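In: Task: produce atomic coordinates for the following.
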Amino acid sequence: MPSYKVRPAVDSDADAIAAVHAASSRAAYEGLVPDQHETLPMEKRRAFWRDAIEYSEPQVHVAIDEEGALVGFAGFDRSRDPKSKPTTGEIWALYVLPSHWNKGAGLALWDATREGLIEEGCTEVTLWIPLLNTRAIRFCELAGFKRENNTAKTAVIGGVKLEEIRLKRKLD
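Out: Predicted structure coming up:
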């Protein structure tokens, strides 16, 4: 199994992060929503991740493969959910190139994200996932997240309404 190095993102990573975001979204939601690349132009993706890196909102870490290529990223910060405790963190995004799925890149990003949230004083973490993204839900459940069934809400992804659910776990 390949090994992945995880480090904080730098300004020059924004283009690669946007490309990973587009490729992973396209693969995860293929057949469920229109091509994400067309509904969220690459320049908007780049601008979002450029700003996130510059202002650390969210904090962004990247996974680098053995050849030095950026193959995944995670964005995390305090929870954006209303009424959440100040010690609750949230994973805003965790995306890996499809060619690196099931090879450890996601786990390496999760480990770094967990450490970063603990350093920020968080004691628990949440994330939102569309119910149809069974791959992401399975990954999170294997990482110890539990579904909060009373949290289902509708999100619009690529112009399509999808039900999302919040998952949560303690940080330790």
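In: Show the residue spans covered by the helices in the protein.
Out: Secondary structure of the chain by DSSP state H: the helices cover 14-28, 36-39, 42-55, 105-119, 134-142.
In: and residue 3, which of those is closest to it?
Out: Closest to residue 3 of the helices of the chain, according to C-beta to C-beta: helix 105-119, at 8.0 Å. Backbone N, C-alpha and C define where each C-beta goes, glycine included.
In: My guess is residue 52 contacts residue 60. True?
Out: Yes: counting by C-beta atoms under 8 Å, residue 60 is a contact partner of residue 52 at 5.4 Å.
In: what sits in contact with each of those two?
Out: 9, 75 (C-beta atoms under 8 Å, 6 or more residues apart in numbering).
In: circling back: so which of the helices of the chain is nearest residue 99?
Out: helix 14-28 (8.8 Å).
In: what comes into contact with that closest one?
Out: By C-beta under 8 Å, 6+ apart, the surrounding residues in contact with helix 14-28 are 9, 35-37, 40, 42, 45-46, 48-50, 53, 60, 62, 69-73, 93, 95-98, 133, 135-136.
In: of these, buried ones?
Out: Among these, those buried by neighbour count (16 or more other C-beta atoms under 10 Å) are 9, 36-37, 40, 45-46, 48-50, 53, 60, 62, 70-73, 93, 95-98, 133, 136.
In: hmm, back to that, hey, least reliable of the helices of the chain by pLDDT?
Out: Of all the helices of the chain, helix 36-39 carries the lowest average pLDDT, namely a mean of 50.
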